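> Whatever this is, show me its structure:
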Amino acid sequence: MVSYGDDWAGIYDSVIKLSEDIPFWVEEARASGGPVLELGSGTGRVAIPIAQAGVSVVGVDSSAEMVKAALAKARKLRLGTDVLSFVKGDLRDVSLGQRFPLVIIPFRSFQFMLSPADQFQALATVKDHLAPGGRLVFSIFVPDLDLLARDPSTPFYDRELINSETQRRVLVWHRNGYDNFSQVIDACTILEELDERGEVARKSYHQYQLRYLYRFEVQHLLVAAGYCVLDVYGSFDREPLDEFSTEMIWVATPQE
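Okay, here's the model as predicted:
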């Protein structure tokens, strides 16, 4: 498993500019009554808004630096450990000795499970942490066949951002390799920091891997792992999944 590692902790909040899913996760957390367990919590992008909404949440991430960054943000916002805590742990085998009415795995973190064995292990870990009647909610992307056929040798431009420390412009590029037999994406984000003349002063590479999954593959996976599928949405507005959807949001509960 090659997920967002320690070298992502300092750049994650700048590079991952995603907020449209936050109201969905907050709504799910409020409906559960809490506490909530978030697996793959990163720097607290989702867990912190949930805590700010008054719902207790525990975030787990495999990167010590991500956990450190999340804790620093929580302290800065004066969010106490009674409502928000972060711990280092692997999604496949973390054991907290606590059960939750809701376990969430936002923004692709389930896709860091690169094999069916990892996926089943992660789902078993979730089951061990769900209270009776509890629900698992996780989001993954719908595979884009055009993207999967992209030339892996050619980087593609994403956007420009500003380095908050140096105030220099940073160009964000992506270069991905695709193993379409194993359904694994070898992803690389490239950051080019420009000097005052517009020339590249510093270049860094940040790698991770994701396994993409198809709709009925996920459905069979959940059933085989002992879950009952309650819903699958095609957007964070809870629209039905259809051929135009780019997201799959799954809602499941352990079979009785």
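> pLDDT weak spots in the stretch 1-150 of the chain?
Under the criterion of pLDDT under 70, the regions of the stretch 1-150 of the chain flagged as low confidence span 1-3.
> redo that, cut-off 80
Across the stretch 1-150 of the chain, the stretches falling below the confidence threshold (pLDDT under 80) are 1-4.
> in it, which spans are strands?
Defined through DSSP state E, counting those that start in this stretch, the strands belonging to the stretch 1-150 of the chain, from first to last, are 36-39, 57-61, 84-88, 100-105, 130-141.
> Give me the residues contacting the shortest one.
The set of residues that contact strand 36-39 without belonging to it, under CB atoms under 8 Å, 6 or more residues apart in numbering, is 29, 46-47, 50, 55-60, 91, 94, 96, 98, 100-106, 109, 122, 126, 129. All C-beta atoms are positioned from the backbone trio N, CA, C, and that covers glycine.
> and if you look at the longest one?
Applying CB under 8 Å, 6+ apart, the external contacts of strand 130-141 come out as 21, 28, 32, 99-111, 123, 126, 212-213, 218, 227, 230, 236, 246-254.
> Only the C-alpha atoms, please, for that strand, written as PDB.
Extracted C-alpha coordinates of strand 130-141, given in PDB (Å, rounded to 0.1, in the frame of the first residue of the first chain):
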ATOM      1  CA  LEU A 130     -19.300  -0.600  14.100                       C
ATOM      2  CA  ALA A 131     -21.900  -0.500  16.800                       C
ATOM      3  CA  PRO A 132     -25.000  -2.700  16.300                       C
ATOM      4  CA  GLY A 133     -27.000  -1.100  13.400                       C
ATOM      5  CA  GLY A 134     -24.000   1.100  12.600                       C
ATOM      6  CA  ARG A 135     -23.200   2.200   9.000                       C
ATOM      7  CA  LEU A 136     -20.100   2.400   6.800                       C
ATOM      8  CA  VAL A 137     -20.100   5.300   4.300                       C
ATOM      9  CA  PHE A 138     -17.200   5.600   1.800                       C
ATOM     10  CA  SER A 139     -16.500   7.400  -1.400                       C
ATOM     11  CA  ILE A 140     -14.500   6.400  -4.500                       C
ATOM     12  CA  PHE A 141     -14.300   7.600  -8.000                       C
END
